[in-house]
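Student: Output the structure for:
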Amino acid sequence: MPDGARACFMTVDVEDWFHSYNYGSLVSKDRWPDYESRVEHNTSRVLDILARRSIRGTFFILGWVGERYPHLVRRIAGAGHEVASHGYWHEPVYSLTPDQFRDDVRRSKMVLEDITGRPVRGYRAPCFSITNWALPILRDLGFAYDSSFFPTTAHDRYGRLEGISPGTGPFEVIDGLHEICISCLPMGRFALPWGGGGYFRLVPYGLWRVGVERILRTGIPYVFYIHPWDMDPGQPHVAGMRTLDAMRQRVNLTRCAGRLDALAGALSWRPIGEAIAEPATAPAACRPMAARAQATPMSGRA
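Tutor: Numbers count the residues shown, from 1 in each chain. Modelled structure (predicted):
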């Protein structure tokens with residue numbers, strides 16, 4: 001039975017298979033409309049699994065997707081899930097100038113708010129590519145929290161924030177903006193990525209659950225993420241992918257839906273926005289910590 005005292009955050013990054021950065025330059029933005037879209041079908045599968053488990057989560061929706069599938073955004077919101085922003089173009093933050101970043105995020109926020117009629121308060125950077133200079137921009141655009149920082153060195157695409165260590169729970173990263181880190185499993189000097197996605201598909205499920213329990217015993221909420229395409233073995237192949245990128249994109253796609261259903265039924269979940277908005281009533285594990293990071297300007301990935 002789910003443990004209500006240890007509520008965790010179920011999050012979904014709503015993007016199509018061809019938005020994945022595993023394809024790199026093989027798939028350019030101007031060709032997106034030419035590819036078979038599978039985001040509606042795949043997101044529906046995620047919604048059905050969560051509905052069977054009576055789970056509400058946070059859906060970080062790409063603005064490009066929301067603009068083309070407004071009915072999907074309305075379905076997500078109508079099911080009681082929180083609608084949040086995943087940017088518009090799925091560009092890594094560190095590849096943009098501050099002005100480009102501001103325009104991209106503002107556009108995505110407006111698209112989603114126009115569809116739902118509700119404020120969008122959460123943001124997740126594509127490829128978890130957050131950097132310190134982006135934080136004040138998010139706050140100034142009206143966001144209450146960011147959930148982009150993956151405190152691990154396991155992937156060279158991830159962004160960096162100064163002053164945050166693995167095992168840090170929700171906290172106010174700058175005045176008026178909370179940071180909800182993606183879960184990692186501390187192992188000595190290292191932090192194993194234990195939040196979801198390709199790692200969730202690769203690691204045996206039993207071992208994954210053991211890791212989740214270790215994270216929960218620290219008193220920090222577990223932050224899980226999945227892409228709808230993580231459950232889609234029928235997604236098209238693109239010639240020319242590097243072997244490592246192809247593995248990241250396609251390993252164990254057939255098993256992911258069953259694993260998601262099992263994990264969904266094993267824990268208690270809630271949308272991130274609820275815990276941020278109502279810290280006094282949130283489960284103890286989800287209350288913001290007093291820790292604060294120094295938000296100093298950064299450039300690139302450093």
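Student: Neighbours of Pro70, how many?
Tutor: Number of residues near Pro70 (other Cβ atoms under 10 Å) recorded here: 15. No exception for glycine: its C-beta is placed from N, CA and C like everyone else's.
Student: Only the buried residues of stretch 225-234, if you could.
Tutor: For stretch 225-234, the neighbour count (16 or more other Cβ atoms under 10 Å) marks 225-232 as buried.
Student: Just the terminal-to-terminal distance for that stretch.
Tutor: 21 Å (Cα to Cα, to the nearest Å).
Student: average pLDDT for it?
Tutor: Mean pLDDT, stretch 225-234: 97.
Student: again with stretch 103-113
Tutor: Rounded mean pLDDT across stretch 103-113 is 99.
Student: Over to stretch 9-28?
Tutor: On average, stretch 9-28 scores 93.
Student: Could you do stretch 127-135 as well?
Tutor: Per-residue scores along stretch 127-135 average to 94.
Student: how far does it stretch from start to finish?
Tutor: End-to-end for stretch 127-135, by Cα to Cα: 16 Å.
Student: any idea how far it is from the chain center?
Tutor: Computed by Cα atoms, centre = their mean, to the nearest Å, the chain-centroid distance of stretch 127-135 equals 13 Å.
Student: List the contacts of the closest residue in space to Glu82 that isn't next to it in sequence.
Tutor: What sits nearest to Glu82 in space, not counting adjacent residues and going by Cβ to Cβ, 6 or more residues apart in numbering, is Pro271, at 3.7 Å. Contact partners of Pro271, counting by Cβ atoms under 8 Å, 6 or more residues apart in numbering, are 9-10, 56-58, 81-82.
Student: Compute the distance between Pro271 and Leu202, please.
Tutor: 27 Å (Cβ to Cβ, to the nearest Å).
Student: Counting residues, what is the longest helix that the protein contains?
Tutor: helix 98-116 (DSSP state H).
Student: Counting by contacts, list what the following helix or strand past it packs against.
Tutor: Toward the C-terminal end, the helix or strand that comes next after helix 98-116 (DSSP states H and E) is strand 122-123. Helices and strands touching strand 122-123, by 3 or more Cβ pairs under 8 Å, 6 or more residues apart in numbering; DSSP states H and E, are strand 58-61, strand 82-85, strand 145-146, helix 272-277.
Student: In this structure Gly122 contacts Ser85, no?
Tutor: Yes. Counting by Cβ atoms under 8 Å, Ser85 is a contact partner of Gly122 at 6.9 Å.
Student: Now do the buried residues in stretch 22-30.
Tutor: 22-23, 27.
Student: what's the answer for stretch 173-192, then?
Tutor: Buried residues in stretch 173-192 (16+ other Cβ under 10 Å): 173-174, 177-186, 191-192.
Student: Reformat the helices and strands packed on strand 122-123 as a markdown table; add distance to Gly198, mean pLDDT and mean neighbour count.
Tutor: Shown next, in a markdown table, are these (distance: least, Cβ to Cβ, whole Å; pLDDT from 0 to 100; neighbours: other Cβ atoms under 10 Å):
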| stretch | distance to Gly198 | mean pLDDT | mean neighbour count |
| --- | --- | --- | --- |
| strand 58-61 | 17 | 99 | 30 |
| strand 82-85 | 21 | 99 | 27 |
| strand 145-146 | 22 | 96 | 26 |
| helix 272-277 | 22 | 90 | 21 |
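Student: Turn the ones you listed into a markdown table, including distance to Thr116.
Tutor: Shown next, in a markdown table, are the helices and strands packed on strand 122-123 (distance: least, Cβ to Cβ, whole Å):
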| stretch | distance to Thr116 |
| --- | --- |
| strand 58-61 | 10 |
| strand 82-85 | 5 |
| strand 145-146 | 17 |
| helix 272-277 | 13 |
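Student: nearest to Ile76, of the ones you listed?
Tutor: Nearest of the helices and strands packed on strand 122-123 to Ile76, taken as Cβ to Cβ: strand 58-61 at 4.9 Å.
Student: So in that sheet, which strands flank the closest one, and in what orientation?
Tutor: strand 8-14 (parallel), strand 82-85 (parallel) (DSSP bridges).
Student: Give me the contact list for the longest one.
Tutor: The set of residues that contact strand 8-14 without belonging to it, under Cβ under 8 Å, 6+ apart, is 39, 43, 46, 50, 55-62, 65, 72, 76, 86, 124, 147, 180, 196, 216, 221-228, 264, 267-272, 275, 285-286.
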